[in-house]
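*Asks:* Just a sequence and a predicted model for now, questions to come.
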Amino acid sequence: MLRNGLEPWHLLIVAIVVIVLFGSKKLPDTARALGRSMRILKSEAKALKDDDTSATATEPPATTQAAGPTT
């Protein structure tokens, strides 16, 4: 019954249902907003990754100190 997962006609039915539910006028605006959100998310994730790598590159190596004063 479910041998290959989603077949092309399954995707066609999903597309038709989405068009009926949301209407053909709202779909381009929704897709545009989704694309804009994905670009913002990717740029923020890249900025966080760049901040993390630059912060670890500028930190001086940790030095170990003796447990107590030596006399």
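*Replies:* Done, it's in. Numbers count the residues shown, from 1 in each chain.

*Asks:* Below-threshold pLDDT in the protein: ranges please.
*Replies:* 1-4, 57-71 (pLDDT under 70).

*Asks:* And the helices in it, which stretches?
*Replies:* Using DSSP state H, the helices found in the chain span residues 8-22, 26-58.

*Asks:* Distance from the first one to the middle of the chain?
*Replies:* Centroid separation for helix 8-22 versus its chain: 25 Å, with Cα atoms, centre = their mean, to the nearest Å.

*Asks:* next one: the longest one
*Replies:* Relative to the chain's own centre, helix 26-58 is displaced by 7 Å; criterion: Cα atoms, centre = their mean.

*Asks:* just checking, what packs against it?
*Replies:* Packing partners of helix 26-58 (3 or more Cβ pairs under 8 Å, 6 or more residues apart in numbering; DSSP states H and E): helix 8-22. Where you see a C-beta, it was placed from the backbone N, CA and C, and this is true even at glycine.

*Asks:* Run the angle between the helix it packs on and helix 26-58 for me.
*Replies:* 100 degrees (axes from the mean of the first three to the mean of the last three Cα atoms, to 10 degrees).

*Asks:* Counting by contacts, list what helix 8-22 packs against.
*Replies:* Helix 8-22 sits against helix 26-58, with contacts defined as 3+ Cβ pairs under 8 Å, 6+ apart.

*Asks:* wait, doesn't I19 sit right on P28?
*Replies:* No. Under the criterion of Cβ atoms under 8 Å, I19 makes no contact with P28, lying 11.7 Å away.

*Asks:* Who has more neighbours out of these two?
*Replies:* Between I19 and P28, counting by other Cβ atoms under 10 Å, I19 is the more crowded of the two (12 against 9).

*Asks:* and that one, what does it touch?
*Replies:* I19 makes contacts with L27, as judged by Cβ atoms under 8 Å, 6 or more residues apart in numbering.

*Asks:* That's all I had, so thanks and see you.
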